[in-house]
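[1] below are the sequence and a predicted model for it; my questions follow.
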Amino acid sequence: MNKREQILSLGEEYFAEQFAPKPFEPGVTSLPANGKVMDASDLRNLLDSSLDMWLTAGRFSEQFERKFAQTWGARFSLLVNSGSSANLLAFATLTSPSLGDRQLKPGDEFITPASGFPTTINPALQAGLVPVFVDVDLKTHNMTPEGVAAAIGPKTKLVMAAHTLGNPFDCHRIGDLCKEHNVWLVEDCCDALGARLHGEHVGNRGDLATCSFYPAHHITTGEGGAVMTSRPYLKKIAESFRDWGRDCYCAPGCEDTCGKRYGWQMGELPAGYDHKYIYSHIGYNLKATDMQASLGLSQLERLEGFIAKRRSNFDFLQNALRSRGGEEFFEFPEALPGAEPSWFGFLLTLKSERIARPWLLEQLGQRKIGTRLLFGGNLTKQPAYLHLPKRVVGELTNTDIIMHRSFYVGVWPGLTEEMLDYMAEQLVSLCRSFATK
Ligand SMILES: Cc1ncc(COP(=O)(O)O)c(C=O)c1O
């Protein structure tokens, strides 16, 4: 066995020794709301990529981008260093002057739900676009086509929204609405890898889609994310914004991919200026490393199993809560007809404010049951967003209910039925004990 193969095999042995699963002890074993599932093949790939000593985007990144695009059903995927960077990149792409009168500019309006994660909307806010906030439906926790239709006005140029906790919004009807009104659609699928609507993976009705590979997500690369599109002109712009804004599209370490490195004249630069240093956009460096991509590849191999386990965990927890009378205390999430969610968590909404959420979450925490809120709740109420120039269409009634009464618990693949059963039992018995106090 050569030295490289010895290191890789030793890595697998080390993983088996160090990270062997421990038996579940109710009330002692921690049951976080999100988590990563690693195995020896992940460590093997990480070691393999580090032994290359290439470090920046290389053979693993190229393979990951190709395979991930296939999984998604899109023509292109671009690997970046986080889901937030993916959102930044997707948004920035639409600010390219090469898009002519469709270029997003300060003062343009964009429609988004008030309930959500901040970095879905931050790139547009930072660029001076005006948010138009809409309410969400209380069953799916998503914006609706009716809500979007009511919010579209003469200044609307973009709809940018997430598929909440892996439960698809109606991207087919909202996609059609956007086309009809010449409005861009960016689908934030950071929590929705594997979710489908009418058989099609989410993220393919929008002009661009994003995904996150932070450890809480369906697959992980440590930190990481991706932007997907099937439009070659948007892919070319996105690549430029990701890679410093340059016009050149050579992969790291490559030269003269276009075959005329010294044959360009752009802007007011002299003819023959090195294409590697010609900038057609005011860009960033949002690239990820090859180690991240290598981990993404081994995780991607197991994606179908991860999604299936998330779905079966969701169903199991729902049944376990129902069989204990949990519906007396909680509203459960629902999916649209034709939707196959790829659940990120199980969102529970307390039916009344009589049971204090902070009390319940604290009690659950003491029993080692992790919980999370639906991110920022009503973003318009967050300190950083209070004084934003904005439009709000209709009342944010359901968003406020979510802000006051919702939270989620885990269904990620590291949770077993025994653990979920314990969670259901504690959730219901705590509510019952509070109600009879
Ligand atoms: C809907 C949504 N968008 C974007 C992000 C940001 O992803 P990241 O943490 O990889 O930056 C998250 C994070 O979980 C998210 O839930």
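    Sure, I can see it.

[2] contacts, neighbours, all on C-alpha from now
    OK.

[3] who does the strand ranked longest in the chain pair up with?
    For the chain, the strand with the greatest residue count under DSSP state E is strand 156-162. Paired with strand 156-162 in the same sheet, following DSSP bridges, are strand 109-113 (parallel), strand 184-188 (parallel).

[4] near the ligand, which residues of this structure?
    Taking C-alpha under 6 Å from any ligand atom as the contact definition, the chain meets the ligand at 82-84, 117, 119-120, 162, 188, 190-191, 212-214, 224-225.

[5] pretty sure S50 sits in a strand.
    No - with DSSP: H, G, I helix; E, B strand; the rest coil as the criterion, S50 is helix rather than part of a strand.

[6] residues near it, how many?
    14 (other C-alpha atoms under 10 Å).

[7] let me know whether it touches Q292 as I believe.
    No - contact criterion C-alpha atoms under 8 Å: S50 and Q292 do not qualify, at 10.2 Å.

[8] the worst-scoring helix or strand of the chain on mean pLDDT packs against which elements?
    Lowest by mean pLDDT, DSSP states H and E among the helices and strands of the chain is helix 417-435, with a mean of 95. Using 3 or more C-alpha pairs under 8 Å, 6 or more residues apart in numbering; DSSP states H and E, the elements in contact with helix 417-435 are helix 303-323, helix 357-366.

[9] so for H281, which of the ones you listed sits nearest?
    helix 303-323 (35.0 Å; C-alpha to C-alpha).

[10] what's the next secondary structure element after that closest one?
    Using DSSP states H and E, the helix or strand that follows helix 303-323 in sequence is strand 330-331.

[11] quick check: pLDDT value at Q103.
    Q103 is assigned 98 on the pLDDT scale.

[12] how far away is it from S230?
    For Q103, the distance to S230 (C-alpha to C-alpha, to the nearest Å) stands at 19 Å.

[13] now the strands paired with strand 156-162 as a markdown table including mean neighbour count and mean pLDDT?
    Converted to a markdown table, the strands paired with strand 156-162 look like this (neighbours: other C-alpha atoms under 10 Å; pLDDT from 0 to 100):
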| stretch | mean neighbour count | mean pLDDT |
| --- | --- | --- |
| strand 109-113 | 27 | 98 |
| strand 184-188 | 28 | 99 |
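
[14] what's the closest of those strands to R66?
    Among the strands paired with strand 156-162, strand 184-188 comes nearest to R66, with 20.0 Å by C-alpha to C-alpha.

[15] show residues contacting that closest one.
    For strand 184-188, the surrounding residues in contact (C-alpha atoms under 8 Å, 6 or more residues apart in numbering) are 87, 90-91, 120, 157-163, 175, 178, 202-203, 205-211.

[16] what of stretch 376-384?
    A114, S115, G116, F117, P118, Y385, L386, T399, D400, I402, M403, H404.

[17] one more: stretch 286-305?
    So stretch 286-305 is in contact with 38, 41-43, 45-46, 49-50, 54-61, 63-64, 68, 79-81, 85, 218-224, 242-243, going by C-alpha under 8 Å, 6+ apart.

[18] returning to what we had before: got the strands paired with strand 156-162 as CSV, with distance to N167 columns?
    Below are the strands paired with strand 156-162 laid out as CSV (distance: least, C-alpha to C-alpha, whole Å):
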stretch, distance to N167
strand 109-113, 14
strand 184-188, 12
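
[19] what about I219, distance to T119?
    In terms of C-alpha to C-alpha, I219 sits 19 Å off from T119.

[20] which of those two has more neighbours?
    I219 (28 against 16).

[21] gap between that one and R66?
    16 Å.

[22] ditto for A20
    From A20 over to R66 (counting by C-alpha to C-alpha), the distance is 32 Å.

[23] these two: which is more packed in?
    A direct count of neighbours by other C-alpha under 10 Å for A20 and R66 places R66 higher, at 16 against 10.

[24] any stretches of the protein with poor pLDDT?
    Residues of the chain that meet the criterion pLDDT under 70 lie in 435-437.

[25] A209 contacts L88, correct?
    No - the pair A209 / L88 is not scored as a contact, 11.3 Å apart, by C-alpha under 8 Å.

[26] nearest spatial neighbour of R261, skipping sequence neighbours?
    Nearest-residue entry for R261: H275, 5.2 Å, with adjacent residues in sequence omitted and distances by C-alpha to C-alpha, 6 or more residues apart in numbering.

[27] that neighbour is in contact with G259, isn't it?
    No - H275 lies out of contact with G259 (C-alpha under 8 Å); the separation is 10.4 Å.

[28] now the closest residue to the ligand within the stretch 301-437 of the chain: how far from W54?
    Closest approach between the stretch 301-437 of the chain and the ligand, counting by C-alpha to the nearest ligand atom: F375, at 7.3 Å. Shown here: F375 relative to W54, a distance of 37 Å by C-alpha to C-alpha.

[29] do F332 as well
    Taking C-alpha to C-alpha, one finds F332 at 48 Å from W54.

[30] before we move on, what about A293?
    12 Å.

[31] next one: A86
    Distance from A86 to W54, by C-alpha to C-alpha: 23 Å.

[32] with H281 instead?
    In terms of C-alpha to C-alpha, H281 sits 27 Å off from W54.

[33] any idea what R372 is bridged to?
    Applying DSSP bridges, one finds that R372 bridges with Y408.

[34] wait, doesn't it sit right on Y408?
    Yes - with contact defined as C-alpha under 8 Å, R372 counts as touching Y408 (5.3 Å).

[35] return the residues in contact with R357.
    L350, H404, R405 are the contacts of R357 under C-alpha under 8 Å, 6+ apart.

[36] need those in TSV (columns: neighbour count).
    As requested, the contacts of R357 are exported to TSV (neighbours: other C-alpha atoms under 10 Å):
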residue	neighbour count
L350	23
H404	19
R405	22
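
[37] mind putting those residues into TSV with secondary structure and distance to W343?
    What follows is the contacts of R357, written out as TSV (DSSP: H, G, I helix; E, B strand; the rest coil; distance: C-alpha to C-alpha, whole Å):
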residue	secondary structure	distance to W343
L350	strand	19
H404	helix	22
R405	helix	20
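
[38] could you list the residues in contact with stretch 35-42?
    With C-alpha under 8 Å, 6+ apart as the criterion, stretch 35-42 contacts 11-13, 15-16, 215-220, 294-295, 298-299, 412-414.
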